[in-house]
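*Asks:* could you look at this predicted model? Sequence included:
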Amino acid sequence: MKMQTIVVVVLCAVIARAYDTPKCDPNGQCGLGFECYKGDCIRPRHCPQLYPVDPEPGCAVEMVVDEFNCPMPKEICGN
């Protein structure tokens with residue numbers, strides 16, 4: 001019974017952390033492609049929704065910022 005309680009508590013903590021929003025730095029700045037809103041770093045509201053990208057074999061996905069300052073996935077493949 002005690003082990004089940006521990007598992008439930010850990011699972012709840014992991015789920016809660018997944019929905020945690022990054023905070024702005026002391027100067028009100030956020031990472032590339034994000035903006036500070038009420039102390040939280042959020043995607044700019046004018047940006048499209050991001051979806052997971054499944055890269056081709058031998059490729060990787062890197063986040064870049066487009067001309068509208070929106071974070072976008074970019075597939076990077078070796079030669």
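*Replies:* Ah, there it is. Residues are numbered from 1 along each chain as shown.
*Asks:* what does the pLDDT read for residue 41?
*Replies:* Predicted confidence (pLDDT) for residue 41: 90.
*Asks:* distance of it relative to residue 33?
*Replies:* Separation of residue 41 from residue 33 (Cβ to Cβ, to the nearest Å): 10 Å. C-beta coordinates here come from the backbone N, C-alpha and C atoms, glycine included.
*Asks:* just residue 25 next, same as before
*Replies:* Residue 25 is 15 Å from residue 33, where distance means Cβ to Cβ.
*Asks:* neighbour count winner among these two?
*Replies:* The neighbour comparison of residue 25 against residue 33 (other Cβ atoms under 10 Å) goes to residue 33, with 18 against 11.
*Asks:* got the CA coordinates for stretch 52-71 in CSV?
*Replies:* This file holds the C-alpha atoms of stretch 52-71, laid out as CSV (Å, rounded to 0.1, in the frame of the first residue of the first chain):
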residue,chain,number,x,y,z
PRO,A,52,5.7,17.5,-32.8
VAL,A,53,7.9,16.9,-35.8
ASP,A,54,9.1,13.4,-36.7
PRO,A,55,12.4,13.9,-38.5
GLU,A,56,13.6,11.6,-41.3
PRO,A,57,16.3,9.1,-40.4
GLY,A,58,19.7,10.8,-39.9
CYS,A,59,18.1,14.2,-39.3
ALA,A,60,17.4,16.3,-36.3
VAL,A,61,14.9,19.0,-35.4
GLU,A,62,16.1,22.4,-34.2
MET,A,63,13.9,25.2,-33.0
VAL,A,64,14.4,28.5,-34.9
VAL,A,65,12.6,31.8,-34.9
ASP,A,66,10.8,32.9,-38.1
GLU,A,67,10.4,36.5,-39.4
PHE,A,68,7.4,37.0,-37.1
ASN,A,69,9.5,36.1,-34.0
CYS,A,70,7.6,32.8,-33.7
PRO,A,71,9.4,29.6,-32.7
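*Asks:* understood, closing this out.
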